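> Sequence plus the predicted model coming up.
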Amino acid sequence: MDERLNHLNLILEAPEKVSVAYTMSVLASRCLGAIEEEFKKPPEEQKSPDLEKAEIDKTQADAEKAEADADANDPTLDPEFKKEFYLSSFDYKDKKIVLKKLGMGVSAPVSAYVDGKRAELFMSKKQAEREIKKLIDNGFVKTPKPEATVESLRAFGINGGIVEHADGSHSAMKFSDIQDALEIYHRLNKEHRVAFEERLRKSQKDAADMIGFFQERLKRNLV
């Protein structure tokens, strides 16, 4: 008969003192057996302080490397998009599209540039190729305007043109305004030409105020 059944029958049928004594004997025997088994195990090999330090240093170095690799592919840590890598380029509806990968990770996002200006950020190259065309078709990607510089003004024809200032504002300039601005510029000395370019580039308001001021002086031949 199983030992556990014998023990159970003894508890149920034997006098209380006998069952308690037997139970205590069984427990003591099991405890001694467990202790003996523990002592039979070979002692664990103790590591030297140098080995423990080396293992700790390696674990810390691995953690730092993993963190650095994660940071390298995190676009939020590169707000100026300086770590972009060329992927491909193609033309679509008279626009030049260039795709660049932001970082070297497998899941690194992709920047789409249209005519040299960043238009949108996508999760993959395939998505970028598909969605940038949709944005162009729906008119969400505009052709970038030339910068507000004297060179840009010289490039405009009789229809005038629109320039973009450093603050993001725009100036729509007629041919006559462009001719006046260029005439003013050519009459200035080298130092004043530098100041003229800076005001022209800064904002629509600065450019308009400056050109308006000089136009009045030009009419009176004071420039």
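Perfect, thanks for sending it.
> which residue ranges form the helices in this structure?
3-13, 16-40, 49-72, 125-137, 150-155, 175-187, 190-202, 204-219 (DSSP state H).
> Could you provide those in TSV, with additional columns for mean neighbour count and mean pLDDT?
In short, each C-beta sits where N, CA and C put it, glycine included. Compiled in TSV, the helices of the chain are given as follows (neighbours: other CB atoms under 10 Å; pLDDT from 0 to 100):
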stretch	mean neighbour count	mean pLDDT
helix 3-13	11	64
helix 16-40	11	70
helix 49-72	10	67
helix 125-137	16	91
helix 150-155	14	92
helix 175-187	16	90
helix 190-202	15	92
helix 204-219	15	86
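> how about TSV for those helices, with distance to S169 added?
Below are the helices of the chain laid out as TSV (distance: least, CB to CB, whole Å):
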stretch	distance to S169
helix 3-13	91
helix 16-40	82
helix 49-72	36
helix 125-137	23
helix 150-155	15
helix 175-187	16
helix 190-202	9
helix 204-219	4
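> number of nearby residues for Y86?
Other residues lying near Y86 total 9 when counted by other CB atoms under 10 Å.
> Next one: it relative to A155, how far apart?
Applying CB to CB, to the nearest Å, the value for Y86 to A155 is 28 Å.
> same deal with L200?
For L200, the distance to A155 - CB to CB - is 14 Å.
> And S111, by the same measure?
28 Å.
> Quick check: chain neighbours aside, which residue is closest to K93?
Spatial nearest neighbour of K93, chain neighbours left out: I136 (5.9 Å); criterion: CB to CB, 6 or more residues apart in numbering.
> re the thing from before, nearest to D167, out of the helices of the chain?
helix 190-202 (6.9 Å; CB to CB).
> which other residues reach the closest one?
147-150, 165-167, 181, 184-185, 188, 206-207, 209-211 (CB atoms under 8 Å, 6 or more residues apart in numbering).
> Fine by me, thanks again.
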